[in-house]
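>>> here's a sequence, model it:
(one chain, ligands or ions: 2)
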Amino acid sequence: MKYALEDQIVLITGGSQGLGKQFAQKYLNETVRSKIIVVSRSANKLQDAIRDIGGYPKKLQKSTDIDEQNNRIWYLPCDLSIPESVNEMFENLFECKLIPTQVLACAGGATPKLVADCTGKELEIGVKNNYLTALYVSHKVSQLLPRCHLVLFSSEAAFFPFIGYAQYAPMKIAVKSLAFILRQELPDARVSCIYPGNFLSEGYAVEETTKPSITKEIEGSSAAISCAECCNRIVWWLEKGYDDITSDFIGWILMSLDMGLNKHNNNSFLWILQLILGVIGNLFIVPIYMVFLSWDIRKWHKKQQTKRGKK
Ligand SMILES: NC(=O)C1=CN([C@@H]2O[C@H](COP(=O)(O)OP(=O)(O)OC[C@H]3O[C@@H](n4cnc5c(N)ncnc54)[C@H](OP(=O)(O)O)[C@@H]3O)[C@@H](O)[C@H]2O)C=CC1
Ligand SMILES: CCCCCCCCCCCCCCCC(=O)[C@@H](N)CO
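Residues are numbered from 1 along each chain as shown. Ligands and ions are numbered 1, 2, ... in the order given. Presented below is the predicted three-dimensional model:
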């Protein structure tokens, strides 16, 4: 199944800001016939997003005439972490005969903190917004759209979960697993999994306010790029036919080190080289890197204890 922007009906979750909004802009501005539905919890943010990208905000209703000449983009408020709401959203789409050919599950977001510093609510939101949103959308895709192109959004942190991302990375690993399983369960669909590095979205700006310094230090090799650049790189790789896509070089290295049983099911750039690099890296490089990293983390904890001691 080739990936193209034109002649699609694309459902974009998390379309009210960040990467999801960037994809909506790309489809709206670079196609003439594709129809776009952006979904997130906030109607106001969705309306603002559509205006920002040059569209006219129209809420999708069951009575919507999708062949209305001057409109190709609609919004649908929906909390995708609630299965009933996701059911209703898909019913609405089918009532309007807007049957998605592509589903981009962009919804997500991180609150980087040490687990001990998180509230129970923050931990719950991490699971809901990063995994349940992807799971419930994938569930409906598997039932209603077994031939569509499903694009899930994990993270580089799924290859290498590290201190400060406990509220987030485990859920992105779950998204990665879900993608591999769906590839085996939906033989007529195309299931892509994107593992972005850092990019400058509204969510990224918020996460920077709680991110521990050690977390920033470890992820420093993934320099934050613009949303537009991230979107363009992802589209470029999807058009080339790849389905396991990172947005920067360190992500490609991390994916190489994360080879496993699912490698046969992986469709990434130069995957044979990744396999070889993965073996060599895991044998000779990772052990040395982890010694130094563990030492850094111990040093950071000592510094934190000293700071707390001084308070
Ligand atoms: N920015 C980064 O550095 C990286 C981001 N990623 C991933 O890429 C994806 C896009 O990231 P980014 O653009 O930064 O995201 P943002 O945090 O900027 O935006 C998240 C979007 O998801 C929507 N959303 C969140 N929870 C729900 C929910 N329960 N139901 C429906 N919509 C929801 C939000 O809308 P609303 O508030 O209206 O619900 C918003 O539109 C995410 O999955 C993220 O985890 C991966 C690696 C790096
Ligand atoms: C041989 C061993 C080499 C190891 C190098 C380690 C480099 C780690 C880079 C990790 C980058 C993670 C970015 C996560 C982005 C993200 O998902 C958040 N911004 C949330 O939105």
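
>>> what's the weakest-modelled helix or strand in this structure?
Lowest by mean pLDDT, DSSP states H and E among the helices and strands of the chain is helix 271-280, with a mean of 90.

>>> give me the contact list for that one.
244, 252-253, 255-259, 263, 268 (C-beta atoms under 8 Å, 6 or more residues apart in numbering). C-betas here are computed from N, CA, C, even on glycine.

>>> before we move on, what about stretch 125-138?
13-14, 80-83, 86, 103, 105, 107-111, 118, 150, 152-153, 167-168, 171-172, 174-175, 178, 182.

>>> how about a cut-off of 6 Å?
80-81, 83, 86, 105, 107-109, 152, 167-168, 171, 174-175 (C-beta atoms under 6 Å, 6 or more residues apart in numbering).

>>> that one near ligand 2 at all?
No: residues of stretch 125-138 are not located near ligand 2 by C-beta under 6 Å from any ligand atom, the shortest gap being 9.3 Å.

>>> and the closest residue in space to Trp237 that isn't next to it in sequence, how many neighbours does it have?
Distances taken as C-beta to C-beta, 6 or more residues apart in numbering place Ile245 nearest to Trp237, at 4.4 Å, with adjacent residues excluded. By the measure other C-beta atoms under 10 Å, the count of residues near Ile245 is 25.

>>> need the contacts of stretch 125-138 in CSV (columns: pLDDT, neighbour count and secondary structure).
Shown next, in CSV, are the contacts of stretch 125-138 (pLDDT from 0 to 100; neighbours: other C-beta atoms under 10 Å; DSSP: H, G, I helix; E, B strand; the rest coil):
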residue, pLDDT, neighbour count, secondary structure
Leu80, 98, 23, coil
Ser81, 98, 21, coil
Pro83, 98, 13, helix
Val86, 98, 23, helix
Ala105, 98, 28, strand
Ala107, 98, 27, coil
Gly108, 98, 25, coil
Gly109, 97, 20, coil
Leu152, 98, 26, strand
Gln167, 98, 27, coil
Tyr168, 98, 24, coil
Met171, 98, 26, helix
Ala174, 98, 18, helix
Val175, 98, 24, helix
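
>>> of those, closest to ligand 1?
Nearest to ligand 1 among the contacts of stretch 125-138, counting by C-beta to the nearest ligand atom, is Gly108 at 2.3 Å.
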